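Engineer: Need coordinates for the following:
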Amino acid sequence: KMLTLDRINRMLEAPSFEEAAKLLMDCGYVDMSGMKAAEIEKALSVHRKEAFEDIRELIPEKEIVDVFSLKYDYHNVKVLLKAESAGVDGKYLLSGSGTVSVEILTEAYYSQDEASLLPSRLAKALDEARSVIKRTENPQLADFILDRAYFDEMRELAGKLYAPFLSEYVRLAIDGANLRTVVRTLRIGRGESFLRSALISGGNIDVGTLAESAYTESGFLPIYDSSEFRAAAELGVEAAKGGKLTYFEKECDSVQTRFFVSAAKISFGAPPVIAYIAALENEITAVRMILT
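Structural biologist: Sure thing, here's the model as predicted:
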């Protein structure tokens, strides 16, 4: 039932939003033809959550799904922090795809009882992020804390499973996040100490070497000579100077897409499951882009 290239093209060629949305019903989505943007976001979140729940019932190692669900726990914390900081209601942006239900997470957040209601790593990260925002009024610093905790927990969870493919994916994800951080940091003109505080350890590329090279004459590009992110880094050099971010971001995503394609040749174990989850995430992203 997945969204094929043919179905994507049919959606793009559809004469109206309503007709494009109805084409998704063949892929197992609810009818979104009469929905507004916030309702579409909620419907896509429910679709992902239901798929995650189906996979959990089918596989012996549920933690494989948790590696991908963690992202939504930390996403939800960011939404709550930023909504409170800006004085707006961001509940429509909360995702039900995390390992912690939205209801428990919001209760923990507003009661400030995260220690007893949330997993210890998430609770600690939330407490630190909240303190940083109160002290500095800088949500970006809170993001650094949450991103580091997210990748640390993701790496730890993958390490507990006998799934080298999954651990390799986590390292690749960290490399992609760090490359994006380098480009954005240089783009806004921040210094090396700021960059070092934002980079995340645990990838294939040493963060100390990366931070140091970013401010040399030759720049960060040589660090990626033998990396899957070589093409992305080349685009990142231009983006860091003020060029368009679009192609750079897309190439970063494509590195992970190509990585998961290799799992199609494997019939057993974790790789096919991991590749399916990744394909589902890409599909939902594509659906969101087309519909909005």
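
Engineer: Ala108 and Gly87, how far apart?
Structural biologist: Using Cβ to Cβ, to the nearest Å, Ala108 is found at 21 Å from Gly87. (Each C-beta comes from the backbone N, C-alpha and C, glycine too.)

Engineer: These two - which one has more neighbours?
Structural biologist: Ala108 (21 against 6; other Cβ atoms under 10 Å).

Engineer: Now do that one, the pLDDT please.
Structural biologist: Looking at Ala108, its pLDDT reads 92.

Engineer: Likewise for Met35?
Structural biologist: pLDDT, read off for Met35, is 93.

Engineer: Can we start the residue count at 644 from this point?
Structural biologist: Got it, the first residue is 644 from now on, which makes the last one we talked about Met678.

Engineer: pLDDT weak spots in the stretch 644-793 of the chain?
Structural biologist: Judged against pLDDT under 70, the stretch 644-793 of the chain has no low-scoring part.

Engineer: what are the ranges of the helices in the stretch 794-935 of the chain?
Structural biologist: Per DSSP state H, counting those that start in this stretch, the stretch 794-935 of the chain carries helices over the ranges 807-830, 835-841, 850-856, 873-883, 889-904, 913-934.

Engineer: what's the second one packed up against?
Structural biologist: If you count contacts as 3 or more Cβ pairs under 8 Å, 6 or more residues apart in numbering; DSSP states H and E, helix 835-841 packs onto helix 807-830, helix 850-856.

Engineer: Among those helices, pick out the one with the most neighbours on average.
Structural biologist: helix 807-830 (a mean of 20; mean count of other Cβ atoms under 10 Å).

Engineer: tilt between it and helix 873-883?
Structural biologist: Helix 807-830 runs at 20 degrees relative to helix 873-883, counting by axes from the mean of the first three to the mean of the last three Cα atoms, to 10 degrees.

Engineer: pLDDT (mean, whole number) over helix 807-830?
Structural biologist: Mean predicted confidence for helix 807-830 is 93.

Engineer: which secondary structure elements does it contact?
Structural biologist: Counting by 3+ Cβ pairs under 8 Å, 6+ apart, helix 807-830 packs on helix 706-729, helix 782-803, helix 835-841, helix 850-856, helix 873-883, helix 889-904, helix 913-934.

Engineer: Contacts for the fourth one next, please.
Structural biologist: It refers to helix 850-856. By Cβ atoms under 8 Å, 6 or more residues apart in numbering, the residues outside helix 850-856 that reach it are Asn821, Val825, Glu835, Leu838, Arg839, Leu842, Ile843, Ser844, Gly862, Phe863, Pro865, Ile866.

Engineer: From Asp818, how far out is the closest residue to Ser897 other than its chain neighbours?
Structural biologist: In this structure, Ser897 finds its nearest non-sequential neighbour in Ala875, 7.8 Å apart by Cβ to Cβ, 6 or more residues apart in numbering. Remark: distance between Ala875 and Asp818 (Cβ to Cβ) = 10 Å.

Engineer: Distance of the residue most central in space within the chain relative to Arg833?
Structural biologist: In the chain, the residue lying closest to the centroid (Cα atoms, centre = their mean) is Lys714, at 5.8 Å. Between Lys714 and Arg833 the computed distance is 25 Å (Cβ to Cβ).

Engineer: sorry, back to before: please name the nearest non-neighbouring residue to the residue nearest to the centre of the chain.
Structural biologist: Tyr793 (6.8 Å).

Engineer: Ile927 too?
Structural biologist: Leu687 (5.3 Å).

Engineer: So the one you found is in contact with Arg931, correct?
Structural biologist: Yes. The pair Leu687 and Arg931 qualifies as a contact (Cβ atoms under 8 Å) at a distance of 6.0 Å.

Engineer: So which of the two has more stuff around it?
Structural biologist: It is Leu687, of Leu687 and Arg931, that has more neighbours when counted by other Cβ under 10 Å, with 22 against 13.

Engineer: Thanks a lot, catch you later.
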